[in-house]
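Student: I'll drop the sequence and a predicted model, then ask my questions.
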Amino acid sequence: MKSNITLIGMPGAGKSTIGIILAKNLGLGFIDTDVLIQINQQKTLQAIIDEFDHLTLRAIEEREILKLNVANHIIATGGSVVYSDQAMAHLRRISHIVFLDVSFEELKRRIHNFESRGIAKRKDQTFQELFDERRALYRKYAEITIDGNKWDQEEMAIVIAEAVTESK
């Protein structure tokens, strides 16, 4: 039985913040794969992109996720996890996949550091292009989709917990 919940979605969707709230509410552990990457690489995500490129960051992210062997955790992933079929297959084996679907307009309102946030994207890619490309992938992998525009973070944590319980 899957004892983990994995949150996927765009940067700014609230994966980390909602993940922490959800972990506290359910008495589970919490893992933020972006933080895991930064600890293990001893660099920020943006430093990895600047030193190498966005594809290197995606490869590192895939390796870190494939190493995850946990139970009873909330896993907040980086926004680019959906580019790896292997990573997503692993997450699906060990967890329920929940997509936090937040509108482009809301994400633009929340994110002011698009160019320096450590987002794994092509140098010439706009936020709109990235949003469109990733949203299709999030929908492909999601077992549960939560409308991230409807509720505040506390309410979203409750809605996610109820949706996962109902899907079991």
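Tutor: The structure has been received and is ready for your questions.

Student: average model confidence for stretch 131-138?
Tutor: In this model, stretch 131-138 has an average pLDDT of 96.

Student: Sketch out the low-pLDDT regions of the protein for me.
Tutor: For the chain, applying pLDDT under 70 flags the ranges 1, 113-117.

Student: May I ask you to name the longest strand in it?
Tutor: Using DSSP state E to define each element, the chain has its longest strand at strand 95-101.

Student: Now the element after that one, going C-ward?
Tutor: The first helix or strand that comes after strand 95-101 along the chain, using DSSP states H and E, is helix 104-110.

Student: in this structure, which spans are strands?
Tutor: Using DSSP E, the strands of the chain run over 4-8, 29-32, 73-76, 95-101, 144-147.

Student: what about residue 124, neighbour count?
Tutor: For residue 124, the count of nearby residues is 6 (other C-beta atoms under 10 Å). From N, CA and C alone the C-beta is placed, and that goes for glycine too.

Student: Contact partners for the nearest residue to residue 75 once chain neighbours are set aside?
Tutor: Spatial nearest neighbour of residue 75, excluding adjacent residues (C-beta to C-beta, 6 or more residues apart in numbering): residue 6 at 4.4 Å. By C-beta atoms under 8 Å, 6 or more residues apart in numbering, the contact list for residue 6 reads 74, 75, 76, 77, 91, 95, 96, 97, 98.

Student: Can you lay out those residues as CSV showing neighbour count and distance to residue 30?
Tutor: As requested, the contacts of residue 6 are exported to CSV (neighbours: other C-beta atoms under 10 Å; distance: C-beta to C-beta, whole Å):
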residue, neighbour count, distance to residue 30
74, 29, 5
75, 28, 8
76, 28, 7
77, 27, 12
91, 25, 15
95, 22, 13
96, 21, 15
97, 23, 16
98, 28, 14
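
Student: Output those residues as TSV; include the columns distance to residue 44.
Tutor: Listed next are the contacts of residue 6 as TSV, based on distance: C-beta to C-beta, whole Å:
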residue	distance to residue 44
74	23
75	20
76	17
77	17
91	23
95	26
96	29
97	26
98	26
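
Student: in the protein, which spans are helices?
Tutor: Assigned by DSSP state H, the helices in the chain fall at 15-26, 33-41, 45-51, 54-67, 85-94, 104-110, 127-141, 153-167.
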